[in-house]
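1. Give me coordinates for this.
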Amino acid sequence: MTRLRSALFMPASNARAIAKARTLPCDAVILDLEDAVAPEAKDDARAQAVAALREGGFGDRAVVVRVNAADTRWAEADLAALRGVAGIVVLPKVDGPADLARAREALGGDVALWAMIETCASVLALPALAGAAAEFGVTALVAGTNDLAKEMCCRPDPARTPLLPVLTQVVVAARSAGIVALDGVCNALDDPERLAAECRQGAMLGFDGKSLIHPGQVDAVNAAFAPSPEALAWASRVVAVFADPANADRGAIRLDGAMVERLHLIEAERILASA
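-> So this is what the prediction gives:
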């Protein structure tokens, strides 16, 4: 599974922002054609996104483009322009597998898809979306918490209480499909404590990383979704104890005052790989 701690949305209409994205320590740059771009700038943003993809220079960062939603007048042109150019495309407001099928037909077979879960219909369709992930090349589910809260007519508190059941379902769906799960953005740009709390919560829920909307959020997100020194030390001890020939036939071993099983070995290997 690809390591994606931080996925930074940058408006594709802003050439300076795109240039800056090439220098930031995020794991993924999302060139946004949707929410971050005014209607009158959509065509220019699309052209700049294609030019940026062709130019490259993003290093080992994943470069992703978020297109406009399928029911907008820009969607068809977005997908057509990205065919054969983009490696990953984010699909907003995915309501079900039919949306994946339409995007796959328009983009061809070589583009990975990230599906945004940001409508009530998409939440209800999570099992179907997870089941269709392999068929349509979906490699990540992204929680679109702002749009989802709007459609639910809920009022999220700093703990995001109304959204927690949905966030858990997104993680479960992603895990069932063996793909990445990304938490939604934090809108509080001048509240590092709230950002840190959301990151801790997202990591606790099992997300691989978090989407974000400002370069100043990258370091905090990367730190929160990287394994801690304590977790790495534990993982190393688990791997070592199961590697001991004396334990070759044992399914459970006492370690640090607790029982660890083969399932813990799998988790330990995942933690070490993510580092």
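2. Show me how far stretch 120-128 is from its chain's centre.
-> 17 Å (CA atoms, centre = their mean, to the nearest Å).
3. residues in contact with that stretch?
-> Contacting residues not belonging to stretch 120-128 are listed as 93-97, 115-117, 129, 141, 148, 151-152, 166, 169-170, 172-173, 176 [CB atoms under 8 Å, 6 or more residues apart in numbering]. From N, CA and C alone the C-beta is placed, and that goes for glycine too.
4. In helices, which of these fall?
-> Members of these lying in helices (criterion: DSSP state H): Pro97, Leu129, Leu148, Glu151, Met152, Val166, Gln169, Val170, Val172, Ala173, Ser176.
5. Which residues are in contact with the last one?
-> Remark: with contacts taken as CB under 8 Å, 6+ apart, Ser176 is in contact with Pro127, Ala130.
6. any idea of the pLDDT on it?
-> pLDDT for Ser176: 97.
7. what's the distance between it and Gly202?
-> Ser176 is 19 Å from Gly202, where distance means CB to CB, to the nearest Å.
8. who touches stretch 149-168?
-> 117-120, 123, 143, 145, 148, 183-184, 194, 197-198, 201-202, 205, 207.
9. could you flag which of the ones in helices among the contacts of stretch 120-128 are buried?
-> Among the ones in helices among the contacts of stretch 120-128, those classed as buried by neighbour count (16 or more other CB atoms under 10 Å) are Pro97, Leu129, Leu148, Glu151, Val166, Gln169, Val170, Val172, Ala173.
10. any chance of the residues you listed in a markdown table, with distance to Gly108 and pLDDT too?
-> Formatted as a markdown table, these follow (distance: CB to CB, whole Å; pLDDT from 0 to 100):
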| residue | distance to Gly108 | pLDDT |
| --- | --- | --- |
| Pro97 | 18 | 97 |
| Leu129 | 20 | 98 |
| Leu148 | 30 | 97 |
| Glu151 | 31 | 96 |
| Val166 | 32 | 97 |
| Gln169 | 30 | 98 |
| Val170 | 27 | 98 |
| Val172 | 30 | 98 |
| Ala173 | 25 | 98 |
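11. which one of those is nearest Phe58?
-> Distance to Phe58 across these (CB to CB) is lowest for Val170, with 26.4 Å.
12. my guess is the closest one contacts Met116, does it?
-> No: the criterion here is CB atoms under 8 Å, and Val170 misses it with Met116 at 10.1 Å.
13. Can you pull the residues that touch both of these two?
-> Leu141, Ala143.
14. For Ala106, give me phi and psi.
-> When read as degrees, to the nearest 10, the backbone of Ala106 gives phi -70, psi -30.
15. Could you pull up the contacting residues of it?
-> Contacts of Ala106 (CB under 8 Å, 6+ apart): Glu76, Leu79, Ala80, Arg83.
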